[in-house]
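**Q** Based on what follows, work out the 3D shape:
(one chain, ligands or ions: 2)
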Amino acid sequence: MNTDSIDGRLLFAIPKKGRLYDKCLSILAGADIQFRRNDRLDVCLVKNHPIALVFLPAADIPSFVGQGNVDLGITGHDVILEAKMQEHVTQVLHLGFGKCKLQVQVPEAGPIKHVQDLAGKRVVTSFEVLAGEYFGKLDADLGLDGEKQTHIEYVGGSVEAACALGLADGIVDLVESGDTMRAAGLHAIATVLDTEAVLIKSTVPKHPALDPLISQITSRIAGVVAASKYAICQYNISRDKVPEAVAITPGRRAATIAPLEEEGWVEVSSMVEKKKIADIMDELMKIGAEDILIFGLDNCRV
Ligand SMILES: Nc1ncnc2c1ncn2[C@@H]1O[C@H](COP(=O)(O)OP(=O)(O)OP(=O)(O)O)[C@@H](O)[C@H]1O
Ligand SMILES: O=P(O)(O)OC[C@H]1O[C@H](OP(=O)(O)OP(=O)(O)O)[C@H](O)[C@@H]1O
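**A** Ligands and ions are numbered 1, 2, ... in the order given. Model (predicted):
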């Protein structure tokens, strides 16, 4: 391999900006994929692996990967469906970030209360394929055809302004916290899709020789994702309470139980989901656990 060229390297597409960018950089750092991105440069050679990173718009990544021009990529599940690339890419890993919903939204103060009231009217969106499929089914269910069908119009951004500008009766857009939607005086009346960031590869890879490297990178990224999701919970408890304790902290395979010097007491150590930590600690306190400690994970392979 020529160390100064992309020839022979695995091409790995990363969103060049936007909501997924920072999280992707953390994933790459956690997987020890080392690179330096010079200003405005969209192709970047990795120093410690035969990989080149290609920084692309998130919406273009499914087609690049699906057509085999790029071997691996990170993007949103939503844009894979929007690009109609679900048959051409394999979703290797769910990455646990970029979580949001694609929702139908209408003015809060307006007359439209249900999605059926919006059918046949004007909908503005950046997701014309997904919105088109959604309203296509709804129109068919309601017997709306020809001119009576819902009019879907594409805009590239600031979708939330369309109703206030008189361009639309409703919109289809992404919602995470709901702040954008509320600030625009809108509320959601239906969910088209739940989405999150995913690691994808081509369903029919152009470079099968790269499969071992793809597996290695996938396993590293899976470790980083698991480390961000789990923590270690360690506590002391009297031996007779062990059955109740392991019901609360069963671990991934099984909890580790070690005897303490003090007669009748054990130490329990177990992986727990971070989002459940407060509830788990409450439950452990109730059954008499003591010295409950939570340790974060820098990285792991599980
Ligand atoms: N508010 C959000 N919360 C979580 N994930 C989101 C959010 N908005 C978008 N995403 C995810 O990130 C992907 C890219 O969206 P983003 O708005 O960052 O796109 P972009 O158009 O490339 O960037 P920019 O908005 O800077 O132009 C979306 O397809 C979706 O999967
Ligand atoms: O529910 P919220 O937390 O407010 O997030 C939703 C907003 O996030 C995305 O846009 P983004 O802010 O990425 O910018 P964009 O409109 O330029 O795509 C999306 O298009 C919504 O507008």
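
**Q** Just the C-alphas of stretch 225-242, formatted as PDB.
**A** Included here for stretch 225-242 are C-alpha records, laid out as PDB according to Å, rounded to 0.1, in the frame of the first residue of the first chain:
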ATOM      1  CA  VAL A 225     -20.800   2.000  21.900                       C
ATOM      2  CA  ALA A 226     -21.200  -0.600  24.700                       C
ATOM      3  CA  ALA A 227     -18.800   1.400  26.900                       C
ATOM      4  CA  SER A 228     -21.000   4.500  26.500                       C
ATOM      5  CA  LYS A 229     -24.100   2.500  27.300                       C
ATOM      6  CA  TYR A 230     -22.900   0.400  30.400                       C
ATOM      7  CA  ALA A 231     -21.200   1.000  33.700                       C
ATOM      8  CA  ILE A 232     -20.000  -1.400  36.400                       C
ATOM      9  CA  CYS A 233     -22.000  -1.600  39.600                       C
ATOM     10  CA  GLN A 234     -20.200  -3.000  42.600                       C
ATOM     11  CA  TYR A 235     -21.600  -3.500  46.100                       C
ATOM     12  CA  ASN A 236     -21.500  -5.500  49.300                       C
ATOM     13  CA  ILE A 237     -24.400  -7.500  50.500                       C
ATOM     14  CA  SER A 238     -25.200 -10.300  53.000                       C
ATOM     15  CA  ARG A 239     -25.000 -13.700  51.400                       C
ATOM     16  CA  ASP A 240     -28.600 -14.600  52.100                       C
ATOM     17  CA  LYS A 241     -29.700 -11.600  49.900                       C
ATOM     18  CA  VAL A 242     -27.700 -12.800  46.800                       C
END
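
**Q** Spell out which parts of this protein neighbour ligand 2.
**A** 18-19, 157, 160, 173-181 (C-beta under 6 Å from any ligand atom). The way it works is simple: take the backbone N, C-alpha and C, and place the C-beta from them, glycine included.

**Q** what's the closest of those residues to Ala119?
**A** Minimum distance to Ala119 across the residues of the chain next to ligand 2 is 17.8 Å, recorded for Asp173 (C-beta to C-beta).

**Q** now what about the one helix or strand that closest one maps to, what contacts it?
**A** Element membership for Asp173 (DSSP states H and E) is strand 170-175. The contact list for strand 170-175, computed with C-beta atoms under 8 Å, 6 or more residues apart in numbering, reads 78, 100-106, 112, 118, 121-127, 130-131, 134, 159-160, 162-163, 180-181, 186, 188-189, 192, 195.

**Q** That one near ligand 1 at all?
**A** Yes - residues of strand 170-175 are located near ligand 1 by C-beta under 6 Å from any ligand atom, namely Leu174.

**Q** mind listing what's buried in the helix or strand that that strand is followed by?
**A** As assigned by DSSP H and E, the chain's next helix or strand after strand 170-175 is helix 179-183. Neighbour-count burial for helix 179-183, counted by 16 or more other C-beta atoms under 10 Å, picks out Thr180, Met181.

**Q** on contacts alone, who are the packing partners of helix 179-183?
**A** For helix 179-183, the packing partners by 3 or more C-beta pairs under 8 Å, 6 or more residues apart in numbering; DSSP states H and E come out as strand 170-175.

**Q** so how far is the strand it packs on off the chain centroid?
**A** 18 Å (C-alpha atoms, centre = their mean, to the nearest Å).

**Q** For the nearest residue to Val104 once chain neighbours are set aside, identify the helix or strand it belongs to.
**A** In space, and not counting its chain neighbours, Val104 is closest to Ala190: 4.2 Å by C-beta to C-beta, 6 or more residues apart in numbering. Following DSSP H and E, one finds Ala190 within strand 186-195.
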